[in-house]
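>>> need the 3D shape of this:
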Amino acid sequence: MIELAKGQELTLTTEDGSSLTTVQMAVGWDHSPTAGFIGSGAPPIDLDASAVQFAGDQFFDLAFFNHLATRDGSVVHLGDNTTGKGEGDDEVITVDLGRVYPRVDTILFMVSSYQGHSLEFIRNAYCRLVDHDGTELARFTLTLGVRETGLVMAKLFRDGPVWKLSPIGTGIALKTPTDSIEALVPFVR
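Numbers count the residues shown, from 1 in each chain. Next up is the predicted model:
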C-alpha cells in the first residue's frame, strides 16, 4: 500500500506489470460529535461518494447515490451510507477499467454533503484504491478541515494503454456532482 500525496501518481498494474482490470474506490469518514452548535448533538452528516467520467473536457457520465451506474455499466456505486457510522469504508464505487467507454479518459472521485454541510466537521476522511482481491493499492488521507461542501478526492486517468491514479484533495462548493459539471472540468486537465 502506498500513502499518496498531492502531485503523485500511481500506475495501475499488477506486480508482473500487466494492467489491472477492476478496482474499487472506497471512501470513509467520521462525523465530528461536536458538529453544529456547541453541545447540540447534531445529527450525522450524510456524505455521498460520486464518480464522474469525462472524455477530454466534456462530461460523459456519472455514478452516485441517485444514479448508481454509468450507462456502460463500467462504474457502479454500491450503495449510500447516510451517517458515516460504522467501521471501515462508508461508500464504495467499483470500476471495471476494461469496460470503460474508450473515449472516457478521466474519472473523478468526489464526496459531497447533500444537505450542504461544510466538510470541516468531518474527521478521518480518506479514499483508498483496492484491487479485485481486496488488496489496498493506495490511500489518500485528508489531514485538514475542508470548509466547502464537497471534495474532489482523486482521479483515475488514461496514460496510453494504462490507467493511473492521482490524488487531488481539493474542496469544492457542490452538494452533488450535477450542481455544476463545469466546476469539475479544471480537475481533469
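
>>> could I get the contacting residues of the residue nearest the centre of the chain?
Residue closest to the mean C-alpha point of the chain, counted by Cα atoms, centre = their mean, is F109 at 2.9 Å. With contacts defined as Cβ atoms under 8 Å, 6 or more residues apart in numbering, F109 is in contact with 25, 27, 49-51, 93, 127, 152-156. (Each C-beta comes from the backbone N, C-alpha and C, glycine too.)

>>> try it again with 7 Å
Contact partners of F109, counting by Cβ atoms under 7 Å, 6 or more residues apart in numbering, are 25, 51, 93, 127, 153-155.

>>> do V152 as well
Contacts of V152 (Cβ under 7 Å, 6+ apart): 108, 110, 168, 170, 172, 184, 187.

>>> next one: T149
By Cβ under 7 Å, 6+ apart, T149 lies in contact with 112-113, 116-119, 173-175.

>>> now it: closest residue in space, sequence neighbours ignored.
Ranked by Cβ to Cβ, 6 or more residues apart in numbering and with sequence neighbours excluded, the top spatial neighbour of T149 is S113, at 4.8 Å.

>>> now the buried members of the contacts of V152.
Neighbour-count burial (16 or more other Cβ atoms under 10 Å) applied to these gives 108, 110, 168, 172, 184, 187.

>>> among the residues you listed, which are located in helices?
Mapping the buried ones among the contacts of V152 onto helices (DSSP state H) picks out L184.

>>> list just the nearest of the buried ones among the contacts of V152 to Q8.
Of all these, Q8 sits closest to I168, with 11.0 Å by Cβ to Cβ.

>>> in the protein, which spans are strands?
With DSSP state E, the ranges of strands along the chain come out as 2-3, 10-11, 22-31, 47-55, 58-63, 75-77, 91-96, 106-113, 122-131, 136-141, 150-159, 162-172.

>>> which of the contacts of F109 ranks first by neighbour count?
C127 (29 neighbours; other Cβ atoms under 10 Å).

>>> without its sequence neighbours, what residue ends up closest to that one?
M153 (4.3 Å).
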